[in-house]
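Undergrad: Everything below, folded, please.
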Amino acid sequence: MDADVLIAGAGPVGLYLAAALLQEGVAVRIFEQRQARNRHTRAIGIHPPSLHALAGVGVAGDMVREGVRIRAGMAVSGGRTVGTMAFDSVSPEYPFVLALPQFRTEQLLEDRVNALDPRAIVRGADVTSVKDDGGKVTLGVADGAGDWAGAAHGSVTATGALLVAADGARSRLRAALGVPVVRRMYPDHYLMGDFDDGTDFGDNAVLFLEPEGIVESFPLPGGVRRWVVRLGCPAPPAACPAELARLVRCRTGYLPDAGTNSMLSAFSVRSTLASRTVAGRCVLLGDAAHEISPIGGQGMNLGWLDARELVPLICAALAGKPTGRQLRDYERSRRRAAVRARLQAEINMILGRPLPPALLRVRTDAIGAAAAIPAVNRWTARRFTMHRDHG
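TA: Numbering: from 1, shown residues only. Just a heads-up that it's a prediction; the model follows:
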């Protein structure tokens, strides 16, 4: 169970970090509580800067071949297209936003990790404690499945030079390390689901700016389309595909076939920023460091860009090089990136909130006027695809 670097969490960010470190010859162990991957995860959008990072671990090509290349986003209101944002200028290599379900993204990353070290991922592993003595980090790891600790509900310890906590927005390791967080709650609630695509939108994303609130629509592989509807209050526990289809039709005129629904999820929005991301020999990564609203699809991408910047610092630290100043610079720069992402997500949510018809017309006219200016269109596309955090 020992390794140079211990990683808690085998989500997309933890798996990417593991692959990048293994390629550098770093011994890694990833501990994941789940025995199986969740097929109903939310993240689908992969931005060009992330594709550059994923290309570095050899998975971007397969992702692009499997995913849908969204080359433009359309804003529609009252049945009228008020503006279009094209992504063809954001990247020479990847002039699109890639849509790929998160479970498939994770599978491709896991395949890459397994190719580099088939023993790196330990599933059914519940990290129960962490101790940083200044020279190494020791984790207590419980095995609920009884298939690797030697006995049912057994436990072991794992020791590494460094620990990376990529265990999600409700990170228990973050709490165990005593890292405070700042949370914001938002008055934004959504119901989303995947249905067979019965529209003529092709590979375009579409945002319906309607008086009752925004409806978002994104293409997915296999002739599937995701619909996301803003609600005025949290979705009831009994929400069903037929209710989501009804809301889509009321606001857009399109009626998804409820019988083809393959995923349904409701969520309310909050953001969480850790007060620090480096604590001794431990680093918080991904949602454990910064939970961002899913609206705009930045959270997973932000985690990958954090991990890309962290890899050379980990390698330098393991080689015995002084990294104190570099880690402080990393922490400051990635926190700034998280704050920018949070602000962008807040703007996205504000643009989707209900408005009286008169104010809605003002907003949609302003969006249309901005979209008609090429320089503004290009700037907005780059900001939307997180190019400020690509470097």
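Undergrad: All the strands of the stretch 251-391 of the chain, in order from the start?
TA: 263-274, 278-279, 282-284, 290-291 (DSSP state E, counting those that start in this stretch).
Undergrad: same question for the longest one, mean pLDDT?
TA: Looking back up the chat, that one is strand 263-274. On average, the pLDDT along strand 263-274 is 94.
Undergrad: Now do it: distance to the chain's middle.
TA: Here the centre of strand 263-274 is set off from its chain's centre by 11 Å, with Cα atoms, centre = their mean, to the nearest Å.
Undergrad: try the third one
TA: A distance of 18 Å separates the centroid of the chain from that of strand 282-284, by Cα atoms, centre = their mean.
Undergrad: so which of the strands of the stretch 251-391 of the chain comes closest to residue 115?
TA: strand 282-284 (24.9 Å; Cβ to Cβ). Backbone N, C-alpha and C define where each C-beta goes, glycine included.
Undergrad: contact partners of the closest one?
TA: With contact meaning Cβ atoms under 8 Å, 6 or more residues apart in numbering, strand 282-284 is reached by 130, 132, 137, 162-165, 171, 173-174, 177, 179, 274, 276-278, 310.
Undergrad: my read: residue 72 touches residue 87, true?
TA: Yes. Under the criterion of Cβ atoms under 8 Å, residue 72 makes contact with residue 87 at 6.5 Å.
Undergrad: Settle it for me: which of the two has more neighbours?
TA: Set residue 72 next to residue 87 and count neighbours by other Cβ atoms under 10 Å: residue 87 wins out with 23 against 17.
Undergrad: picking that back up, so for residue 247, which of the strands of the stretch 251-391 of the chain sits nearest?
TA: Across the strands of the stretch 251-391 of the chain (criterion: Cβ to Cβ), the nearest stretch is strand 263-274, sitting at 11.8 Å.
Undergrad: Show me what the closest one pairs with in its sheet, parallel or antiparallel.
TA: In the sheet, strand 263-274 lines up against strand 181-196 (antiparallel), strand 290-291 (antiparallel) (DSSP bridges).
Undergrad: Now render the ones you listed as TSV, adding distance to residue 1.
TA: Formatted as TSV, the strands paired with strand 263-274 follow (distance: least, Cβ to Cβ, whole Å):
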stretch	distance to residue 1
strand 181-196	29
strand 290-291	29
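Undergrad: Look up the pLDDT of the nearest residue to residue 125 once chain neighbours are set aside for me, please.
TA: With sequence-adjacent residues excluded and distances taken as Cβ to Cβ, 6 or more residues apart in numbering, residue 125 is closest to residue 31, at 4.0 Å. Here, the pLDDT recorded for residue 31 equals 96.
Undergrad: can you give me the helices for this structure?
TA: Applying DSSP state H to the chain gives helices spanning 12-23, 48-55, 60-66, 102-116, 172-176, 241-252, 299-318, 324-351, 357-371, 374-384.
Undergrad: okay, these, which one's buried deepest?
TA: Per residue and on average, the most neighbours among the helices of the chain fall to helix 12-23, with a mean of 27 (mean count of other Cβ atoms under 10 Å).
Undergrad: what packs against it?
TA: strand 5-8, strand 28-32, helix 102-116, helix 299-318 (3 or more Cβ pairs under 8 Å, 6 or more residues apart in numbering; DSSP states H and E).
Undergrad: Let me see the mean pLDDT of it.
TA: 98.
Undergrad: swap in stretch 89-107?
TA: Averaging pLDDT along stretch 89-107 gives 94.
Undergrad: One more: stretch 245-256?
TA: Rounded mean pLDDT across stretch 245-256 is 97.
Undergrad: Please apply the same query to stretch 57-66.
TA: Across stretch 57-66, pLDDT averages out at 98.
Undergrad: Stretch 374-389 now?
TA: 81.
Undergrad: Is it possible to get the helices and strands packed on helix 12-23 out as TSV so that each row also shows distance to residue 185?
TA: Compiled in TSV, the helices and strands packed on helix 12-23 are given as follows (distance: least, Cβ to Cβ, whole Å):
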stretch	distance to residue 185
strand 5-8	26
strand 28-32	29
helix 102-116	24
helix 299-318	17
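Undergrad: Compare these and give me the one nearest residue 248.
TA: helix 102-116 (22.1 Å).
Undergrad: other SSEs contacting the closest one?
TA: Contacts defined by 3+ Cβ pairs under 8 Å, 6+ apart place helix 102-116 against helix 12-23, helix 60-66, strand 121-123.
Undergrad: Would you confirm that residue 20 contacts residue 58?
TA: No. Using Cβ under 8 Å as the test, residue 20 is too far from residue 58 to be in contact (10.2 Å).
Undergrad: thought residue 11 was touching residue 169?
TA: No. Applying Cβ under 8 Å as the test, residue 11 and residue 169 come out as separate, 10.5 Å apart.
Undergrad: Settle it for me: which of those two has more neighbours?
TA: Using other Cβ under 10 Å, the more surrounded residue of residue 11 and residue 169 is residue 11, with 27 against 18.
Undergrad: show me the contacts for the more buried one.
TA: 106, 166, 168, 286.
Undergrad: Need the phi and psi values for it.
TA: Dihedral pair for residue 11: phi -80, psi -170, per degrees, to the nearest 10.
Undergrad: any weak-confidence spans in the stretch 101-250 of the chain?
TA: Residues of the stretch 101-250 of the chain meeting the criterion pLDDT under 70: 144-154.
Undergrad: All good on my end, thank you.
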